[in-house]
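# Provided below are the primary sequence and the corresponding predicted coordinates.
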Amino acid sequence: AFSVDDPARERRVVELAGELGLPATATHQVSRLHGLRIRTRTAVINACMIPRMLATADLTERAVREAGIRAPLMIMRSDGGVMDIEQMRRRPILTMLSGPAAGVAAALLFARVSDGIFLEVGGTSTDISVIRNGRCQVRSAEIGGQKLHVSTLDVRTLGVAGGSLVYLRDGRVAQVGPRSAHIAGLPYLSFTERSPATFRPARHEFEGDTFLVVDAGGEKLAVTPTCASNLLGLVAAGDPAAGRLDAICAGFAALAPPPPEAHATAILDAAARRVAPVVEGLVRDYKLDRGLVRLIGGGGGASAIVPYLARVMKL
């Protein structure tokens, strides 16, 4: 319980584990804060990550060196900072939420965002964070409702994005995400090379759920928020989310009534219903002036979510 003051016994246990060839984490190594339960929980997660992260670190370092790069290898941390690879080998937990942190860092450094709510949208998930006065916001990490002794950017992640599947219930759009076309192994309707003449309405069932898809000559194509946003003219030409409008229109037309635009609106409404409360929560938590808040979209799927969300939220 008091190893942050006297770590001798924990160090001895780590030494004995090392002699047995077992990777080990001591609680004083992951946090210098008192509070046995949270510190132990943090150490357990760190220990679970060690084998996979050691393999990843070795592979990454070898690839960088074989490429002839001699600069020190720096690893992104969850709080937006960086660390060297040796520190990552000891405390991989510090990288746990580094993906969303990297997105926020890109928004600050390259998009020059100074104030707003940043939504990084991929194919499966959306990471939402606040940038205020040119700075990201930091908090204690929380996983599955359990607090950890790890600082991380305040990023809220939702399982809804550009490639989210559309759940059906009683023939109507009931939900968008968390399962995505990527996870289900389905190609997007937006990016198909199939002839629209082959399109037929279809349904796709997985683990008891039914998803909206189009049959294209025997291949099932996922109808996603990316497809809906393209249909409603919310995706600019040249955008990473821009798809084949002829295929999208034909695909939606092949679906049963209501009209294509009504289908697309229902899909984006369902997506917005999941994202809007999180954005409103950030506005409330950080006491942001709603009249000045901007939504900034990043990532390949941004146009599938952010323009319609802004319209719904009047932002």
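Cool, got the structure. All values derive from a computational prediction rather than experimental measurement.

# Return the helix or strand that contains L148 as CSV; C-alpha atoms alone will do.
Assigned by DSSP states H and E, L148 belongs to strand 146-153. What follows is strand 146-153, C-alpha atoms only, in CSV (Å, rounded to 0.1, in the frame of the first residue of the first chain):
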residue,chain,number,x,y,z
GLN,A,146,-12.9,2.9,-13.8
LYS,A,147,-10.5,5.7,-13.1
LEU,A,148,-6.7,5.3,-13.6
HIS,A,149,-3.6,7.1,-12.6
VAL,A,150,-2.9,8.2,-16.2
SER,A,151,-3.3,11.6,-17.7
THR,A,152,-5.0,11.7,-21.1
LEU,A,153,-6.6,14.2,-23.4
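
# could you say what helices and strands that strand packs with?
Applying 3 or more Cβ pairs under 8 Å, 6 or more residues apart in numbering; DSSP states H and E, we find strand 146-153 packed against helix 36-66, helix 98-109, strand 138-143. Every C-beta, even on glycine, is put in place using the N, C-alpha and C of the backbone.

# which of the residues in the second one are buried?
In other words, helix 98-109. S98, G99, P100, A101, A102, G103, V104, A105, A107, L108 (16 or more other Cβ atoms under 10 Å).

# from the chain's centre, how far out does the helix or strand hosting V278 sit?
Element membership for V278 (DSSP H and E) is helix 260-285. Here helix 260-285 shows a centroid-to-chain-centroid distance of 16 Å under the convention Cα atoms, centre = their mean, to the nearest Å.

# elements contacting it?
On a contact count with 3+ Cβ pairs under 8 Å, 6+ apart, helix 260-285 meets strand 116-121, strand 126-132, strand 155-158, strand 164-169, strand 172-180, helix 225-231, helix 245-254, helix 302-313.

# Check which residues of that helix are buried.
Within helix 260-285, the residues that count as buried by 16+ other Cβ under 10 Å are 260, 263-268, 270-272, 274-275, 278-279, 282-283.

# Look up how far G297 lies from F110.
Counting by Cβ to Cβ, to the nearest Å, the gap from F110 to G297 is 14 Å.

# So which bits of the lowest-mean-pLDDT helix or strand in the chain are buried?
Least confident helix or strand of the chain, by mean pLDDT, DSSP states H and E, is strand 138-143 with a mean of 79. Buried residues in strand 138-143, counted by 16+ other Cβ under 10 Å: A141.

# Each with direction, which strands does it pair with?
If you go by DSSP bridges, strand 138-143 pairs up with strand 146-153 (antiparallel).

# Centre of the chain to the strand it pairs with, how far?
Strand 146-153 sits 17 Å away from the centroid of its parent chain (Cα atoms, centre = their mean).

# can you list the residues that contact that strand?
If you take Cβ atoms under 8 Å, 6 or more residues apart in numbering as the criterion, strand 146-153 is touched by 30-31, 33, 35, 38-39, 41-42, 45, 78-80, 93-94, 96-97, 100-101, 104, 129, 136-142.

# Which residue is the nearest non-sequential neighbour of A266?
If the residues on either side of it in the chain are set aside, A266 comes closest to V173, at 4.2 Å by Cβ to Cβ, 6 or more residues apart in numbering.

# meant to ask about I50
P23 (4.4 Å).

# re earlier: among the contacts of strand 146-153, which ones are buried?
By 16+ other Cβ under 10 Å, those give 30-31, 38-39, 41-42, 45, 78-80, 93-94, 96-97, 100-101, 104, 129, 136-137, 141 as buried.
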